[in-house]
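K.L.:
quick one, fold the following:
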Amino acid sequence: MFLSHPARSVSALFMRWRFSASLPSLPLSLPLPNSSPAVVPGCAEMVWIVPLTEHSWYDHVRLKRVFVTDGTRHQVVLVDLRKLLACADRDNTDYVLKPVAEWHGGKVRGIREFLDPESARIPQMPYVTISTRRAPGVLGWLGLEREGVVAFRNGQHRARYLAEAGARWCPVEVHEREATLLRELCGAADDARTVIRATQLGGDGSV
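P.N.:
So this is what the prediction gives:
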């Protein structure tokens, strides 16, 4: 027996509703793609090669992103390590490390092995936040001069070790709302992009 047109319409709507209900729920909105030129699709993991000029154990390290999926709202910024650490030394949260020369031997050996490019594991780049505060002196108190303050969320040991090992520039990750300030206060020189090489990680973990 054939269904009438109204009955077929109701039946069709019911069947479509049952099919839709069996599908997993989709998000109401999709995450926006990150606009940073350093961002890569989530399926293509990138590795940054950072050369070391004063390190007898190996001459470079490999670093990868902390946040690797699209829409994380984080960006990779190439920084001048000396400027970055000068801002980090102003952090008043009691998490400012001593110079590498004052670390005990086990800590130095541990970070050296952790960063070894021959290791199968690729370390993550430092992850930081940055803000400003009044600079010391009259101009600071008058509100005419401010200074940067960097806090490490992760990677302070590796950043200080790399600087000690002769790395001049380094990629770090920062939330997109702080990326412009980080570039202004700690950004690497233009020629850093010819020194710090970013390459796609192969399926076998090679670069």
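K.L.:
pretty sure residue 152 sits against residue 128.
P.N.:
Yes: under the criterion of Cβ atoms under 8 Å, residue 152 makes contact with residue 128 at 5.6 Å. (Each C-beta comes from the backbone N, C-alpha and C, glycine too.)
K.L.:
identify the contacts common to these two.
P.N.:
residue 88 (Cβ atoms under 8 Å, 6 or more residues apart in numbering).
K.L.:
contacting residues for the residue nearest the centre of the chain?
P.N.:
Closest residue to the average C-alpha location of the chain: residue 173 at 2.4 Å, with Cα atoms, centre = their mean. Residue 173 makes contact with 65, 66, 67, 74, 75, 76, 77, 124, 125, 126, 127, 128, according to Cβ under 8 Å, 6+ apart.
K.L.:
with residue 168 instead?
P.N.:
Contacts of residue 168 (Cβ under 8 Å, 6+ apart): 53, 80, 81, 82, 188, 192, 195.
K.L.:
mind checking pLDDT for it?
P.N.:
Confidence at residue 168, expressed as pLDDT, is 96.
K.L.:
go on, residue 139?
P.N.:
74.
K.L.:
and it, that's in a helix?
P.N.:
Yes: Residue 139: assigned to a helix according to DSSP: H, G, I helix; E, B strand; the rest coil.
K.L.:
any idea how many residues pack against it?
P.N.:
The tally of other residues near residue 139 (other Cβ atoms under 10 Å) stands at 12.
K.L.:
check residue 121 too.
P.N.:
10.
K.L.:
what's the answer for residue 193, then?
P.N.:
Neighbours of residue 193 (other Cβ under 10 Å): 12.
K.L.:
quick one, what contacts it?
P.N.:
For residue 193, the contact set (Cβ under 8 Å, 6+ apart) comprises residue 78.
K.L.:
that one - that's part of a helix, no?
P.N.:
Yes: Residue 193 sits within a helix when classified using three-state DSSP.
K.L.:
how confident was the prediction at it?
P.N.:
85.
K.L.:
would you check how far apart it and residue 187 are?
P.N.:
Distance from residue 193 to residue 187, counting by Cβ to Cβ, to the nearest Å: 11 Å.
K.L.:
between these two, what contacts are shared?
P.N.:
Contact criterion Cβ under 8 Å, 6+ apart; residues shared by residue 193 and residue 187: residue 78.
K.L.:
picking that back up, can you tell me the element the residue nearest to the centre of the chain falls in?
P.N.:
strand 169-175 (DSSP states H and E).
K.L.:
after that strand, which helix or strand is next?
P.N.:
Tracing the chain past strand 169-175, the next element assigned as helix or strand by DSSP H and E is helix 176-186.
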